[in-house]
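Trainee: build me a structure from this.
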Amino acid sequence: TCALPISVFHRRRVLGRCGRPFDALKFRTMVVNADEILATNPRLAEEFQKDHKLKADPRVTSLGRWLRRTSLDELPQLINVLRGEMSLVGPRMITAEEAFRYGKWQLNLLTVKPGITGPWQVRGRSDIPYDERVRLSMNYIRNYTVWSDLEILLRTIPAVLQSRGAY
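Mentor: Model (predicted):
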């Protein structure tokens, strides 16, 4: 028998503007059975629920760690930008399951397109606690200017080069 090749792309179902779901594209960084691994390890599952990130994630491949550290895993999201589903700068995309963590702020979050980069990506990325990510996203939406987007784009370059908070 012939095994089907594994896609190099991972599609993550997220919420866009007006709550419309779409598939955000990324390069695959995890093993194929990543969800099963998380489901069979209660400690990991609990840690993941806290911040939707795992610092030492056993599901990530060695190539995946490099892709994440360099942020190259997010390069396919340029396709989402070209499709009009995302913008270069904006609040971080969230899943429908994650939306409840935004509470009353989820309505604000869904008034804009999610961005490839944004306020919390340039201020520490995954090292920032979840509630602070929410606060930064809401502050971005309320105080949006073209200049703030330009500042975030410029700050993204050193943030990516330093790899701080990238895992």
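Trainee: in the chain, what residue spans correspond to strands?
Mentor: For the chain, the strands defined by DSSP state E occupy 9-15, 21-27, 87-89, 115-117.
Trainee: which of the ones you listed sits most buried?
Mentor: strand 115-117 (a mean of 24; mean count of other C-beta atoms under 10 Å). For every residue, glycine as well, the C-beta is placed using N, CA and C.
Trainee: so what does it touch, helix or strand wise?
Mentor: helix 77-82, strand 87-89, helix 146-162 (3 or more C-beta pairs under 8 Å, 6 or more residues apart in numbering; DSSP states H and E).
Trainee: so which of the ones you listed gets nearest T95?
Mentor: helix 77-82 (14.7 Å; C-beta to C-beta).
Trainee: low-confidence ranges, this protein, go.
Mentor: In the predicted model of the chain, residues 1-6, 51-54, 125-126, 163-167 satisfy pLDDT under 70.
Trainee: mind running it again at 50?
Mentor: The chain contains residues with pLDDT under 50 at 1, 4, 167.
Trainee: could you check how far the spatially closest residue to L88 that is not a sequence neighbour is from V31?
Mentor: Of all residues beyond its chain neighbours, the one nearest L88 is I116 (5.6 Å), with distances taken as C-beta to C-beta, 6 or more residues apart in numbering. Distance of I116 to V31, computed by C-beta to C-beta, to the nearest Å: 24 Å.
Trainee: pull the contacting residues for I94.
Mentor: Residues near I94 by C-beta atoms under 8 Å, 6 or more residues apart in numbering: V14, L15, R101, Y102, L109, P114.
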